[in-house]
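Peer 1: next comes the sequence, and after it the predicted model I'd like to discuss.
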Amino acid sequence: MSSLSIAPIADADVTDVVALWQACGLTRPWNDPSADIALARRGPNSAVLVGRDAGAIVATAMVGHDGHRGWVYYVAVDPRRQGEGLGRTMMQAVEDWLRQAGVSKLQLLVRRENAKASAFYQTLGYEESTSVMLAKWLDGREATP
């Protein structure tokens with residue numbers, strides 16, 4: 001296991017966190033990652049957690065809840081550091097954050113084509129849900145994959 005120092009994102013971290021998300025292929029043209037960070041930081045029901053090793057940001061996870069279910073997004077590990085247990089450590093921090101908030105169920109989304117991510121989450125005890133996710137853009141855009 002890793003010895004990450006995990007804490008909420010600071011203002012000075014935003015650029016490095018967005019760069020990590022881009023390096024990990026997590027960003028999409030229709031989502032502004034800086035706006036996602038700002039939104040997550042607005043209230044007590046969400047946070048962006050940053051994992052540091054020797055001062056460098058090497059892992060992240062965005063976590064939030066609606067009071068009933070927790071969600072996690074932007075789980076990222078520096079591609080040069082993958083396979084070292086950093087993702088597992090970040091997910092443990094996410095689960096701990098939700099437990100402290102009194103939330104007992106965590107859900108996450110994985111793109112169908114991302115078998116590597118699905119396999120990772122299954123090693124942590126996550127199972128594919130029988131629910132079907134439906135989506136609608138409220139700004140008039142067409143649905144995207």
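Peer 2: Yep, it's here.
Peer 1: which element is T60 on?
Peer 2: Using DSSP states H and E, the element containing T60 is strand 56-65.
Peer 1: what's the first helix or strand after that strand?
Peer 2: Per DSSP H and E, the first helix or strand lying C-terminal to strand 56-65 is strand 70-77.
Peer 1: helix or strand right after the longest helix anywhere in the chain?
Peer 2: For the chain, the helix with the greatest residue count under DSSP state H is helix 86-100. As assigned by DSSP H and E, the chain's next helix or strand after helix 86-100 is strand 106-108.
Peer 1: list the contacts of stretch 46-60.
Peer 2: 2-10, 13, 16-17, 20-21, 37, 39-41, 61-65, 74-78, 81, 86-87, 89-90, 93-94, 97 (CB atoms under 8 Å, 6 or more residues apart in numbering). (C-beta placed from N, C-alpha, C; glycine too.)
Peer 1: if we go to 6 Å?
Peer 2: 4-6, 8-9, 13, 16-17, 37, 40, 61-64, 74, 76-78, 81, 86, 90, 93 (CB atoms under 6 Å, 6 or more residues apart in numbering).
Peer 1: what subset of the residues you listed is buried?
Peer 2: Taking 16 or more other CB atoms under 10 Å as the criterion, what is buried in the contacts of stretch 46-60 is 4, 6, 9, 13, 17, 37, 40, 61-64, 74, 76-78, 81, 86, 90, 93.
Peer 1: report the angle between the axes of the strand holding T60 and helix 86-100?
Peer 2: 40 degrees (axes from the mean of the first three to the mean of the last three CA atoms, to 10 degrees).
Peer 1: next one: strand 56-65 to chain centre, how far?
Peer 2: Using CA atoms, centre = their mean, to the nearest Å, the mean C-alpha position of strand 56-65 is found 6 Å from that of the whole chain.
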